[in-house]
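**Student:** Need coordinates for the below:
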Amino acid sequence: MKKALLTGFSVVLLLALLGAGYAYWHYQQFLDTPLPITQTTHFTVKQGSSVKRVAQDLRQANLLPPSALDTSEWLVQAHARHEEYASKIKAGEYELTPGMTIDDVFKRFISGQTVQYQLSIIEGKTFKDIVRTIKTHPDLQQTLTDADYANLMPLLGQTQYPHPEGWFYPDTYHFPRNMTDKEFLQRSYNTMYEYLMQAWDKRQPNTHINTPYEALILASVVEKETGVPEERPLIAGLFLNRLAKGMLLQTDPTVIYGLGDQYAGNLRKADLQRDTPYNSYTRKGLPPTPIATPSKAAIDAVMHPAQTDALYFVATGNGGHNFSKTYAEHQRAVASYLKEIRSQSKRESSAPPTANTTTDTTTQPNANAEVLELQVQE
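**Tutor:** Numbering: from 1, shown residues only. Modelled structure (predicted):
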């Protein structure tokens, strides 16, 4: 009897060991089997999801390796708890690639390396341009109303300067799907504010720029006046010279900004004489707010302007400018510029027409504006 009991116990023990061995082998097979995907797939871990919910969602998406007796969900949960992944999983959208095992997937989920989308804020663009880009981005969650945009800066923590122009740092931003529009703008504003304050602390002191905000305003004007990097410090120095002498800045971009939707693409003499808060031909000093998004380079140029005696500048026709110390020199530079423009026009008019070509008038020099500037110079 005793021998029979021992034999029965041995059989049960053997079966238990065999079962445990099979279970362990099955578990290892499950862990070593890649997910059944043949191309990059996106999977979202929903906010507040438990391990059980993640396992269910993976199964419903047909992303779990096949398992005998359909134990895949249970095995996923058991593995996550055994490896202490459960409390470390971060919500978000993740990229799963062919060859990944369930352990690779959980390591991806706890890394927080979510799929990133991007949106660029371009230097020289206005706040209206930025808002238009944000509102049409398919991967940003739209939460701000028109009323919110009209009173945006206090929502972002800026109450001293409520006008939003110029406050958003130009860069290409990467973010997870469904970041809110407010979160995106908060990030861009914070970046601009921090850089402006750092640059201000390291600035070359100038008695005509008294606050970081005034530096931001002038940087926006410098940004709109030239796309040539090496000219920015020179233009900043020139504008500071004019401020020091009490001269009008007389810069077209401020006039254009003040005209708003009334600007039709070509400045007229009447436009330069039409008084608005932004017309630097009729009002001394800086405009009341920035007129565009300044680049880091433009901010740096204002904080560290070139030492120059120049008071005037005019386009050369190839993207750069000629700088002059006196009005007489400036007149000669403008005359030379207009002569080149007329010669160019004659060459173009006498050249034989070319099929399938067009002229982009938005990039052509505005000779008329240069003439108008001469008519209103001090």
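**Student:** what about the strands in the stretch 251-378 of the chain?
**Tutor:** 312-315, 321-324 (DSSP state E, counting those that start in this stretch).
**Student:** Reformat these as CSV; add mean neighbour count.
**Tutor:** Any C-beta I mention is one placed from the backbone N, CA and C, and that applies to glycine too. Formatted as CSV, the strands of the stretch 251-378 of the chain follow (neighbours: other C-beta atoms under 10 Å):
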stretch, mean neighbour count
strand 312-315, 22
strand 321-324, 20
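**Student:** Ok, which of the ones you listed comes nearest residue 257?
**Tutor:** Counting by C-beta to C-beta, residue 257 lies closest to strand 312-315 out of the strands of the stretch 251-378 of the chain; the figure is 18.7 Å.
**Student:** And the average pLDDT for that closest one is what?
**Tutor:** Average pLDDT, strand 312-315: 90.
**Student:** partners of it, with directions?
**Tutor:** If you go by DSSP bridges, strand 312-315 pairs up with strand 321-324 (antiparallel).
**Student:** Could you pull up the mean pLDDT of the partner strand?
**Tutor:** The average pLDDT within strand 321-324 is 91.
**Student:** hmm, back to that, just send the strands of the stretch 251-378 of the chain back as a markdown table, with distance to residue 238 too.
**Tutor:** Shown next, in a markdown table, are the strands of the stretch 251-378 of the chain (distance: least, C-beta to C-beta, whole Å):
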| stretch | distance to residue 238 |
| --- | --- |
| strand 312-315 | 6 |
| strand 321-324 | 7 |
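**Student:** Those: which one's closest to residue 101?
**Tutor:** So among the strands of the stretch 251-378 of the chain, strand 321-324 is nearest, using C-beta to C-beta, at 61.2 Å.
**Student:** And the contacts of that closest one?
**Tutor:** 226, 228, 231, 234-235, 238, 308, 310-316, 330, 332-333, 336-337 (C-beta atoms under 8 Å, 6 or more residues apart in numbering).
**Student:** Just give the closest residue to residue 114, not the sequence neighbours.
**Tutor:** residue 92 (3.6 Å; C-beta to C-beta, 6 or more residues apart in numbering).
**Student:** what's the neighbour count on that neighbour?
**Tutor:** Each residue near residue 92 was counted by other C-beta atoms under 10 Å, and the total is 21.
**Student:** Please shift the residue numbers so they start at 19 in all later answers.
**Tutor:** Will do, 19 is the new start, and the previous item becomes residue 110.
**Student:** Identify all residues paired with it through a beta bridge.
**Tutor:** With DSSP bridges as the rule, residue 110 is bridged to residue 63.
**Student:** Identify each of the strands in the stretch 119-268 of the chain and give its residue range.
**Tutor:** Using DSSP E, counting those that start in this stretch, strands in the stretch 119-268 of the chain cover 134-138, 158-159, 190-194, 197-198.
**Student:** and the third one, which residues are buried?
**Tutor:** Judged by neighbour count using 16 or more other C-beta atoms under 10 Å, the buried positions of strand 190-194 are 191, 193, 194.
**Student:** Please report the number of neighbouring residues for the nearest residue to the first one once chain neighbours are set aside.
**Tutor:** Pointing back at residue 191 there. Once flanking residues are discounted, residue 191 sits nearest to residue 137: 5.6 Å by C-beta to C-beta, 6+ apart. Per other C-beta under 10 Å, the neighbour tally for residue 137 reads 19.
**Student:** Residue 137 and residue 156 touch, don't they?
**Tutor:** No. The pair residue 137 / residue 156 is not scored as a contact, 10.4 Å apart, by C-beta atoms under 8 Å.
**Student:** circling back to that earlier point, pick out whichever of the buried residues of strand 190-194 sits closest to residue 229.
**Tutor:** Using C-beta to C-beta, the buried residues of strand 190-194 come closest to residue 229 at residue 191, 27.0 Å.
**Student:** Just list the residues touching the closest one, thanks.
**Tutor:** Taking C-beta under 8 Å, 6+ apart as the test, what residue 191 contacts is 136, 137, 138, 139, 202, 205, 206.
**Student:** can you check residue 311 too?
**Tutor:** Contacts of residue 311 (C-beta under 8 Å, 6+ apart): 139-145, 148, 184, 186-188, 238, 241.
**Student:** For residue 193, see how far away it is.
**Tutor:** Distance of residue 311 to residue 193, computed by C-beta to C-beta, to the nearest Å: 18 Å.
**Student:** same thing with residue 77?
**Tutor:** As judged by C-beta to C-beta, residue 77 and residue 193 stand 29 Å apart.
**Student:** Low-confidence ranges, this protein, go.
**Tutor:** Under the criterion pLDDT under 70, the flagged ranges of the chain are 19-45, 85-88, 363-396.
**Student:** can you do 80?
**Tutor:** 19-47, 84-89, 335-337, 358-396 (pLDDT under 80).
**Student:** before we move on, the earlier item: for residue 278, which of the strands of the stretch 119-268 of the chain is the nearest?
**Tutor:** strand 134-138 (24.1 Å).
**Student:** Report all helices and strands that the closest one contacts.
**Tutor:** In terms of contacts (3 or more C-beta pairs under 8 Å, 6 or more residues apart in numbering; DSSP states H and E), strand 134-138 is packed against helix 145-153, strand 190-194.
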